[in-house]
Structure formats: C-alpha cells, structure tokens
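Undergrad: I would like to see how this sequence folds:
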Amino acid sequence: MINMNIENDVKQWLTEEDFLREIKYDENADFHFIVEFPNDNIMDVVKPKGKDCIVIACATQVAPEHLNLMNNADDLTKKDFIMALNFSLNSFLVDFELKVSQDILQQFVVTDQIFEDGLTKNEFIKTIKRVFKAKLQCIWLIDQKFGRPSINVTPSNENDMFL
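TA: Presented below is the predicted three-dimensional model:
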C-alpha cells in the first residue's frame with residue numbers, strides 16, 4: 001500500500017522547485033513524475049510498486065553527430081572511452097547502464113534511489129542533482145575524447161524507460 005505522504009511530499013517539493021512537468025500513469029509504479037531539471041533535461045521520479053524507495057532516473061540517447069564522431073575513432077580510443085566512462089560514472093555513486101554496440105556508446109541510463117526512511121527534501125534534491133551531473137559527465141567525456149560536433153548538439157532524452 002502506498003504511503004500517500006511520500007507521494008504528496010515529493011509532488012510538493014517538485015512543484016515548489018518548479019521541476020514537475022507531468023504526472024504519468026504507470027501500472028508498475030505507485031507514482032511516476034516527469035521532471036525537468038535543469039531546463040531542457042528530462043528525468044523520471046518513480047516509486048515502484050511494492051518497493052520502499054523512489055528512483056530518480058535519466059536516460060539519454062547519444063546524438064547522431066556524436067555517434068558519427070565515435071564511429072570514426074580507432075578501436076583503442078573507443079575501448080578506452082568506455083572504460084573511462086565506467087570509472088567516471090562509478091565515482092558519482094550512482095547506478096548506471098551503458099548500451100554499447102561494437103564499442104560505441106548508443107545510450108546511457110543513470111539512476112539513484114532513496115529509501116523511504118531517508119527521504120527528505122534535501123536528500124531528494126541532492127539526488128536529482130547528482131543524477132544530472134553524472135549525465136553531464138558522460139556528455140563532457142564524449143566531447144573530450146571524440147571532439148565536439150561542428151553543429152550545436154543536445155543529446156535527446158528518452159522518457160519511456162519504465163513502461
């Protein structure tokens with residue numbers, strides 16, 4: 001059974017900070033909010049059914065322009081990048097999943113969770129920021145290792161990771 005105070009608290013905190021963009025129906029969750037933090041970055045805040053935690057998640061598709069830069073790199077550079085990315089993300093103390101095909105990063109998902117007994121507004125907002133900074137680190141590492149595309153690129157967000 002859902003603790004309505006948790007849902008109400010999370011919704012209130014997201015509203016107070018102007019992060020809440022959408023309330024999404026999700027049959028696998030007690031609640032699922034679409035969050036925008038910072039501007040133009042979409043994240044999910046989900047309380048899975050039967051779990052005593054909330055999950056903050058951000059899924060990102062690598063932009064086609066970055067994929068082209070990676071495709072043109074030599075095999076050692078590609079392998080070194082994936083290893084460096086794993087080490088770097090691990091230092092953020094978040095969970096992550098890298099979708100890699102032929103040593104080329106296609107998508108990455110960064111998540112973290114807060115258990116109900118540790119859920120405060122301070123911990124919640126800090127966790128949202130940590131997940132975003134881990135995503136940003138991925139983008140910066142792509143730029144550092146492969147260069148920036150000749151046009152301005154913003155990686156797309158993928159919203160439907162919990163369907």
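Undergrad: what about the residue nearest the centre of the chain, distance to Val94?
TA: Nearest to the geometric centre of the chain sits Cys58, at 1.9 Å (CA atoms, centre = their mean). Distance from Cys58 to Val94, counting by CB to CB, to the nearest Å: 10 Å. From N, CA and C alone the C-beta is placed, and that goes for glycine too.
Undergrad: Quick one: list the elements packing against the longest strand anywhere in the chain.
TA: Longest strand of the chain, by residue count under DSSP state E: strand 104-115. When contacts are defined as 3 or more CB pairs under 8 Å, 6 or more residues apart in numbering; DSSP states H and E, strand 104-115 packs onto strand 53-61, helix 64-71, helix 75-90, strand 95-101, helix 121-146.
Undergrad: what mean pLDDT would you report for the last one?
TA: Same thing as helix 121-146. The average of the pLDDT scores along helix 121-146 is 95.
Undergrad: For the longest strand of the chain, buried residues please.
TA: By 16 or more other CB atoms under 10 Å, the buried positions in strand 104-115 come out as 104-105, 107-114.
Undergrad: Then stretch 5-16?
TA: 6-7, 10, 13-14.
Undergrad: roughly how far out does it sit from the chain middle?
TA: 20 Å (CA atoms, centre = their mean, to the nearest Å).
Undergrad: Output that stretch as CSV, restricted to C-alpha atoms.
TA: Taking Å, rounded to 0.1, in the frame of the first residue of the first chain, the C-alpha atoms of stretch 5-16 are listed here in CSV:
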residue,chain,number,x,y,z
ASN,A,5,2.5,11.3,2.5
ILE,A,6,5.6,10.3,0.4
GLU,A,7,3.8,10.9,-2.9
ASN,A,8,2.4,14.2,-1.6
ASP,A,9,5.8,15.3,-0.2
VAL,A,10,7.6,14.5,-3.5
LYS,A,11,5.0,16.2,-5.6
GLN,A,12,5.1,19.3,-3.3
TRP,A,13,8.9,19.5,-3.4
LEU,A,14,8.9,19.2,-7.2
THR,A,15,6.2,21.9,-7.5
GLU,A,16,8.0,24.2,-5.1
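Undergrad: contacts for it?
TA: 20, 23, 30-31, 33, 35, 45, 47, 54, 116, 119, 121, 124-125 (CB atoms under 8 Å, 6 or more residues apart in numbering).
Undergrad: Span of stretch 36-49 from start to end?
TA: 23 Å (CA to CA, to the nearest Å).
Undergrad: for stretch 14-27, that is, sorry about that
TA: OK, stretch 14-27 end separation, CA to CA: 21 Å.
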